[in-house]
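Peer 1: Sequence below, structure please.
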Amino acid sequence: MTAPEHVAIIMDGNGRWAKQRGLPRTMGHRRAVETVRQTVRTAGDLGIKYLTLFAFSSENWRRPEAEVTDLLGLLKAFIRSDLAELHRQNVRIRVIGDRVNLRSDILKLLLEAEETTKANTALTLVIAFNYGSRDEIARAMMSLAKDVEEGRLRSQDITAALIDARLDTAGIPDPDLIIRTSGEERLSNFLLWQAAYSEFVFLPEYWPDFSRELFLSALEKFASRDRRFGGLSAQAAAVNT
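Peer 2: Numbering: from 1, shown residues only. I've put the predicted structure just below:
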């Protein structure tokens, strides 16, 4: 089985996992961190080049303050405890999402993670933090509009490739496969532009229960898909030649 180049995951169901066990929601988030570690290891073992994790959406600020504080604390703890090991494993970290008005302590850690690992060449771990796809696209459009307004760009010269280059994911290939846990079947404002030709696998299991075996199962489903990118399948193309 050939691994896809880029896998993106919507890590969903931490709170429901905890509720099912009579635990506070924060315990679901804490268990989820270990699942992240395991998933990064598996992606590296399989030769996946890019792994994008939807860690914290721009809408997550609406959650109860105590839960947001715990989530931010877990992010800080993960970077502090795992950055050195990820660096040793030749993992490069990229962070996507709006960085304006982020708390200085959080921003400093994210920038440190990117700077420390920028020359690494194995797996690229893309952390979507304070990320919302509509916001990302709007920021890209504002950047292009400013260039048009100031005479650096003609509006008729705007192309899909130029828009790509202004997105947070510039330089990162579009995801081949998007996995979502917890049984929900929607994108939830995640990589809307980049998912144009992505394959989707929706799993009923909650994120804390996402295992190496479930990851491999999702990859097997991906491998069975016939990706046509708007054209004919290989079999249909052969019939029509």
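Peer 1: which residues touch the residue nearest the centre of the chain?
Peer 2: Central residue check for the chain by CA atoms, centre = their mean: the C-alpha nearest the mean position is that of Thr52, 2.8 Å away. If a contact means CB atoms under 8 Å, 6 or more residues apart in numbering, then Thr52 has His6, Val7, Ala8, Ile9, Ile96, Val126, Ile127, Ala128, Ile172, Pro175, Leu191 as its contacts. Glycine gets a C-beta too; all of them are placed from N, C-alpha and C.
Peer 1: I'd like the distance between the nearest residue to the first one once chain neighbours are set aside and Ala223.
Peer 2: Taking CB to CB, 6 or more residues apart in numbering, and ignoring the residues beside it in sequence, His6 has Tyr50 as its nearest neighbour in space, at 3.9 Å. Counting by CB to CB, to the nearest Å, the separation of Tyr50 from Ala223 is 17 Å.
Peer 1: Please apply the same query to Met142.
Peer 2: From Met142 over to Ala223 (counting by CB to CB), the distance is 39 Å.
Peer 1: Same check on Lys108?
Peer 2: Computed as CB to CB, the Lys108 to Ala223 distance reads 41 Å.
Peer 1: count of residues packed around the residue nearest to Pro24 when sequence neighbours are not counted?
Peer 2: Distances taken as CB to CB, 6+ apart place Ala18 nearest to Pro24, at 6.2 Å, with adjacent residues excluded. Residues near Ala18, counting by other CB atoms under 10 Å, number 21.
Peer 1: Now do the contacts for Ser58.
Peer 2: Gly97, Asp98, Asn130, Tyr131, Gly132, Asp135, Asn189 are the contacts of Ser58 under CB under 8 Å, 6+ apart.
Peer 1: Now do the phi/psi pair for the second one.
Peer 2: With angles defined as degrees, to the nearest 10, Asp98 sits at phi -80, psi 120.
Peer 1: Let me see the contact set for it.
Peer 2: Asp98 makes contacts with Ser58, Asn130, Tyr131, Gly132, Asp135, Glu136, Arg139, as judged by CB under 8 Å, 6+ apart.
Peer 1: Give the buried residues for the helix or strand hosting Ala18.
Peer 2: Following DSSP states H and E, the helix or strand that holds Ala18 is helix 14-20. The neighbour-count check on helix 14-20 (16 or more other CB atoms under 10 Å) flags Asn14, Gly15, Arg16, Trp17, Ala18 as buried.
Peer 1: Go ahead and confirm the second one touches Arg30.
Peer 2: I take that to be Gly15. No: in this structure, Gly15 is not within contact of Arg30 by CB atoms under 8 Å, at 11.9 Å.
Peer 1: Let me see the residues that make contact with stretch 106-122.
Peer 2: With CB under 8 Å, 6+ apart as the test, stretch 106-122 has contacts from 44, 72, 75-76, 79-80, 83, 86-87, 89-95, 99, 102, 127, 129.
Peer 1: can we see that at 6 Å?
Peer 2: The contact list for stretch 106-122, computed with CB atoms under 6 Å, 6 or more residues apart in numbering, reads Lys76, Ile79, Leu83, His87, Asn90, Val91, Arg92, Ile93, Val95.
Peer 1: quick one, what contacts the last one?
Peer 2: By that I understand Val95. Leu110, Glu114, Ile127, Phe129.
Peer 1: go again using 8 Å as the cut-off
Peer 2: Contacts for Val95 were tallied using CB under 8 Å, 6+ apart; they are Leu110, Ala113, Glu114, Val126, Ile127, Phe129.
Peer 1: so who does Asp70 touch?
Peer 2: Asp70 makes contact with Thr26, His29, according to CB under 8 Å, 6+ apart.
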